[in-house]
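J.: Show me how the following folds:
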Amino acid sequence: MNMSVYVYEAKTIRGEDKKLSDYKGRVLLIVNTASKCGFTPQYKDLQELYEKYHARGLEVLGFPSNQFMGQEPGTNEEVEQFCEVNYGVTFPLFAKIDVKGSNAHPLFQYLTKHAPGFLSKEVKWNFTKFLVNKKGDVVKRYAPTTNPKSMAEDVERLLAE
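T.: Just a heads-up that it's a prediction; the model follows:
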């Protein structure tokens, strides 16, 4: 069986089950997020990327995680409200999950296996980003320091495929 991100599902930030197969045929940018991180302002750039390319087939999927120095301490409701109020986030947000370690969500186990980072497969910090093509294959991993706006060329290339 050809594995892809489409075999996974996750709970939305409002607690509903969501199959990633619902995003078949779209380019995905999957990001582990946090509200109290030095990279938190990237929410604004992620939202801008989403607004610019959503109509052409981009989905930005945010997965809050509290695994890095407790930088996402809030409840799912608090996270959602923070993102909407402070950054106008309208892209899909999911319930808080583990993105590394033995309890890592299966989606992030898949992502890190197919797009290992520098020196290690594990997600090392908040705002690690994974770009997925329309077939559900991971094509690139970006460091937390990578500004989402700098990924526009890669997004455009995948949207054109």
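J.: now the end-to-end length of stretch 82-94.
T.: End-to-end distance for stretch 82-94, by CA to CA, to the nearest Å: 14 Å.
J.: Name the residues that touch it?
T.: The contact list for stretch 82-94 (CB atoms under 8 Å, 6 or more residues apart in numbering) reads 10-13, 18, 33, 35, 43-44, 46-47, 50-51, 54, 59-64, 74, 79-80. For every residue, glycine as well, the C-beta is placed using N, CA and C.
J.: next one: stretch 43-54
T.: Applying CB under 8 Å, 6+ apart, the contact partners of stretch 43-54 are 27, 29, 31, 33, 58-60, 62, 83, 86-91, 147-149, 151-152, 155-156, 159.
J.: could you dump it to PDB, C-alpha only?
T.: The C-alpha coordinates for stretch 43-54 follow below in PDB (Å, rounded to 0.1, in the frame of the first residue of the first chain):
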ATOM      1  CA  TYR A  43       0.900  32.700  12.600                       C
ATOM      2  CA  LYS A  44       0.500  36.000  10.700                       C
ATOM      3  CA  ASP A  45       2.700  34.800   7.800                       C
ATOM      4  CA  LEU A  46       1.100  31.400   7.700                       C
ATOM      5  CA  GLN A  47      -2.300  33.100   7.600                       C
ATOM      6  CA  GLU A  48      -1.100  35.400   4.700                       C
ATOM      7  CA  LEU A  49       0.200  32.300   2.800                       C
ATOM      8  CA  TYR A  50      -3.100  30.600   3.400                       C
ATOM      9  CA  GLU A  51      -5.100  33.600   2.100                       C
ATOM     10  CA  LYS A  52      -2.900  34.000  -0.900                       C
ATOM     11  CA  TYR A  53      -3.000  30.300  -2.100                       C
ATOM     12  CA  HIS A  54      -6.100  28.700  -0.500                       C
END
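J.: Would you map the strands across this structure?
T.: Along the chain, counting by DSSP state E, strands occupy 9-11, 17-19, 27-33, 58-64, 129-132, 138-142.
J.: Can you tell me which of those strands is packed in deepest?
T.: Burial of the strands of the chain is given as mean neighbour count (mean count of other CB atoms under 10 Å); strand 27-33 ranks first at a mean of 25.
J.: re the thing from before, export the strands of the chain to a markdown table and tack on mean pLDDT and distance to residue 120?
T.: Below are the strands of the chain laid out as a markdown table (pLDDT from 0 to 100; distance: least, CB to CB, whole Å):
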| stretch | mean pLDDT | distance to residue 120 |
| --- | --- | --- |
| strand 9-11 | 97 | 23 |
| strand 17-19 | 97 | 28 |
| strand 27-33 | 98 | 15 |
| strand 58-64 | 98 | 19 |
| strand 129-132 | 97 | 15 |
| strand 138-142 | 95 | 12 |
